[in-house]
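A.B. asks: Next come a sequence and a model predicted from it.
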Amino acid sequence: NAGVTQTPKFQVLKTGQSMTLQCAQDMNHEYMSWYRQDPGMGLRLIHYSVGAGITDQGEVPNGYNVSRSTTEDFPLRLLSAAPSQTSVYFCASSPDRDYGYTFGSGTRLTVV
Amino acid sequence: AQTVTQSQPEMSVQEAETVTLSCTYDTSENNYYLFWYKQPPSRQMILVIRQEAYKQQNATENRFSVNFQKAAKSFSLKISDSQLGDTAMYFCAFMKGSYDKVIFGPGTSLSVIP
């Protein structure tokens, strides 16, 4: 098993550009989430999904879109990048709500 | 809304000693789950331990144990026989039993000194 795979690992965007952060897991986990990590603020939930076709907003959803067409994939789309979206992004998955997450290795995004 | 507080931004401990990291949370729920995650310098997030609120027995995983005080809404992590590899950021996390969001605290940076 590869676990949770995030691509790319690093990305630099210009303000106003759009892009998609990819997340894939091969563990058949139903629960998947996207977090952003900023210094001194821990991890903040952007969007999450409890199964294919079902997504919901987290604490900081503005400027981001998600979809979950398959159990394996949960991409995060930045619609129009802003410097405030400079952060490290983590994707995580879990087989059940209370099991605890397996995290990907993160994507460091810089918006200039 | 649920909140998670970690009042110690930074801590240090001598190798082989014991250290306790604090976590408090705010909720009106009776059924919920608590977690501690470790993030070493590699940036990889790793689940350390989990606790179900309806279980009174404190969870343990090898050198890691928790002190869960439900009435006080406290969930501290004790690391025994600290090792250099324990140097990391530690995050406390909360999840309401009837909900699906996991909320993280701001983290405590732990340094193990040789």
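C.D. replies: Good, I have the coordinates.
A.B. asks: What residues does residue A:25 make contact with?
C.D. replies: A:3, A:4, A:5, A:32, A:72, A:74, A:93, A:102 (Cβ atoms under 8 Å, 6 or more residues apart in numbering or on different chains). The way it works is simple: take the backbone N, C-alpha and C, and place the C-beta from them, glycine included.
A.B. asks: Could you report the pLDDT at the third one?
C.D. replies: In other words, residue A:5. We note a pLDDT of 97 for residue A:5 in this prediction.
A.B. asks: most centrally placed residue in the chain?
C.D. replies: All of this is about chain A. In chain A, the residue lying closest to the centroid (Cα atoms, centre = their mean) is residue A:34, at 3.1 Å.
A.B. asks: if you could check chain B rather than the one you did, that'd help
C.D. replies: Nearest to the mean C-alpha position of chain B, counting by Cα atoms, centre = their mean, stands residue B:36 at 3.5 Å.
A.B. asks: For the nearest residue to residue A:101 once chain neighbours are set aside, give the beta-bridge partners.
C.D. replies: Leaving aside its chain neighbours, residue A:101 sits nearest to residue A:92 (3.8 Å; criterion: Cβ to Cβ, 6 or more residues apart in numbering or on different chains). Beta-bridge partners of residue A:92, counted by DSSP bridges, are residue A:33, residue A:103.
A.B. asks: if I read this right, residue A:92 contacts residue A:103, doesn't it?
C.D. replies: Yes. The criterion here is Cβ atoms under 8 Å, and residue A:92 meets it with residue A:103 at 4.6 Å.
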